[in-house]
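Trainee: model this:
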Amino acid sequence: MHIRIISYALGGAFFCLTSATSSAGIADALEKLGGKTAGPGSNEVKFLDPEDAFRLTHAVDSSGVVRLDWAIEDGYYLYRDKVSAKSNAEGITVGAIEKPDGVMKDDPEFGRVAIYKHELAVWVPLEINAAGITPANLEIGYQGCAEDGICYPPIKKTIEILVDALIAPAAAVESSLVRSRGTSPILSADDVAGSLGSRSLPVIAGSFWVFGLLLAFTPCVFPMVPILSGIIVGQREPVSVKRGLSLSAIYVLAVASTYALVGLAAGLFGHNLQASFQQPSVLIGFSLIFVALAMSMFGFYELQLPASLQTRLDQLSRTQDGGSFAGVAIMGILSAIIVGPCVAPPLAGALIYLGQEGGPLVGGTALFALGLGMGTPLLLVGASAGRLLPSAGAWMDVIKRIFGIMLLGVAISFMARILPGSVILAMWAVLIIVSASFLGALDQLGSNDSDWRRLYKGIGLSMLAYGAILMVGASIGAKDPLRPLKPLLGHSAGAATASLAFAPIKGMGGLYAGLERARVAGRPVMLDFYADWCVECKYLERSTFEHGDVQSALANVFLLRADVTANDASDQALLKHFELFGPPAVLFFDSAGVEHRRHRILGFVGPADFTAHLGALP
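Mentor: Below you'll find the model as predicted:
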């Protein structure tokens, strides 16, 4: 009978147990020594056999590179510096092992160390000096712990592989390794999370400010520009540079502070407040606010508080007609929660760090800096308001109408999260046609009209024609304002662009069933997290998933989609299982159902980068 010697660390001391390979023998021995097991009716934790906690598989390619894969159970982790490999065969030596960076952790046994959770892939290049087909015995070393308090001793495992000696030198092996893995242009959230624990606080704040500045130009954040601009333009009196900068600073600080608090709640408690605010009633209410603001811009009425309430607020925040500091702060809070950026690697990395390390100071600082970075362009908008906005008069009325149209566009963009695409396209058509009428597209020109007047009419006629095209597109079921005649052109060509055929799943049960179908078929898996209220999900669908190169690269991949629009308990459990905080997110699994965690895609990625990322998958 095969005997194993297994050591367990319990309560800070190591115990050596000798038993048969059955987990029952280990459980019995642990129970005798006071270890934690789960008997009938017991609520105590049962620690897994290390064979089950850290499942090791391996494969070797034609270049002599051995890939080691660990599937790590939830609640367990491996130490980065304990992973090793050495050869016991003559004529075969192990080259430099390539290991991921890991996530930093304050470990009670070893201090601050890098660890791996969920999965680990390691590449071991071999230098072969023997002739012919050679069996190579590799001794693989690793060590891990359970988060609930038990640490396993170092584990040594011997694997036997057959390698072809004719591929020899190490330089060729290294070159082949680079070619086989490729490089991905996409930032990993786990890399971001790991860097948080190894950098100084000022460096972290500066890095996340830069990340936020880049996020400011994404479709999820850009609507904040017309919101703040509308607030400034909505002032009855001309806005000075000082007043515009003050309003925008309060708005940005409210956004950054709210973003940090919401992020802390999501990271520490696993609850995504932003997703909760994507309910139809909330989005409709917020859209109506912008419609009301836009109507006031067009001069239909003036928005102001009752006189008695205005007097009280004036003492607190120097209220002016059209908005107060308190009102701007409230709008900033609502914008941070409802407009909010989509999930991106920097954001996800900070939230993963918060969830794993529980470091609110570092995580909160990173999120606050991210919010400030997103708001930096808004500060420039506010500071320039006093210089760029004209003085009160006819020009000011024109400017207000322009921003009124922009606010209506923001309202339509929010409604796009809950209404069908063809209905939204019709709404864009109406907005553009009405805007064209304001530019005089339907007015007659006289011989004495200025060149400016003729320019406005020409722009108006162009908008009128485009609005008519959008209306036609809406009537035939189009959804994309940039390609309104796509269904008509596709039908006439006889070959409409096909979308990827995703198999829908719901909750953990649907995930396991989908992975099992893929395992039986022997195919790798791509899992897409989608929601109707996720702006970048729709960009990913329209721009990336419909691209020919992407579809060709995914031809042999089993496609699953988790629609988390409802954000119910089942959706939240699935997101929490993968440590995700919302869509868009694209996950990849091998044919055995093991996720390539470091190759996750968070946020929008264009077709070129997506295709390059697929080529870099193991």
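Trainee: how about the strands in the stretch 51-200 of the chain?
Mentor: 54-60, 65-72, 76-79, 84-87, 92-94, 103-107, 111-117, 119-128, 133-142, 144-146, 155-164 (DSSP state E, counting those that start in this stretch).
Trainee: Make JSON lines from the ones you listed and add mean pLDDT, mean neighbour count and distance to residue 548 to it.
Mentor: In short, each C-beta sits where N, CA and C put it, glycine included. Converted to JSON lines, the strands of the stretch 51-200 of the chain look like this (pLDDT from 0 to 100; neighbours: other C-beta atoms under 10 Å; distance: least, C-beta to C-beta, whole Å):
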{"stretch": "strand 54-60", "mean pLDDT": "82", "mean neighbour count": "16", "distance to residue 548": "31"}
{"stretch": "strand 65-72", "mean pLDDT": "85", "mean neighbour count": "20", "distance to residue 548": "30"}
{"stretch": "strand 76-79", "mean pLDDT": "91", "mean neighbour count": "23", "distance to residue 548": "40"}
{"stretch": "strand 84-87", "mean pLDDT": "88", "mean neighbour count": "17", "distance to residue 548": "41"}
{"stretch": "strand 92-94", "mean pLDDT": "79", "mean neighbour count": "18", "distance to residue 548": "42"}
{"stretch": "strand 103-107", "mean pLDDT": "79", "mean neighbour count": "19", "distance to residue 548": "37"}
{"stretch": "strand 111-117", "mean pLDDT": "85", "mean neighbour count": "18", "distance to residue 548": "36"}
{"stretch": "strand 119-128", "mean pLDDT": "81", "mean neighbour count": "22", "distance to residue 548": "30"}
{"stretch": "strand 133-142", "mean pLDDT": "77", "mean neighbour count": "17", "distance to residue 548": "42"}
{"stretch": "strand 144-146", "mean pLDDT": "89", "mean neighbour count": "22", "distance to residue 548": "44"}
{"stretch": "strand 155-164", "mean pLDDT": "76", "mean neighbour count": "14", "distance to residue 548": "37"}
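Trainee: got TSV for those strands, with distance to residue 481 too?
Mentor: Below are the strands of the stretch 51-200 of the chain laid out as TSV (distance: least, C-beta to C-beta, whole Å):
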stretch	distance to residue 481
strand 54-60	47
strand 65-72	45
strand 76-79	47
strand 84-87	55
strand 92-94	57
strand 103-107	41
strand 111-117	42
strand 119-128	41
strand 133-142	53
strand 144-146	52
strand 155-164	56
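Trainee: quick one, which of those is nearest to residue 447?
Mentor: Across these, residue 447 has its closest neighbour in strand 103-107 (73.8 Å, C-beta to C-beta).
Trainee: Paired strands for the closest one, with orientation please.
Mentor: For strand 103-107, the paired strands and their directions (DSSP bridges) read strand 111-117 (antiparallel).
Trainee: The residue found closest to residue 141 once you drop the neighbours it is linked to in the chain: what's it in contact with?
Mentor: Among residues not flanking residue 141 along the chain, residue 84 sits closest, at 4.1 Å (C-beta to C-beta, 6 or more residues apart in numbering). Residues in contact with residue 84, defined by C-beta atoms under 8 Å, 6 or more residues apart in numbering, are 97, 140-142.
Trainee: Fine by me, thanks again.
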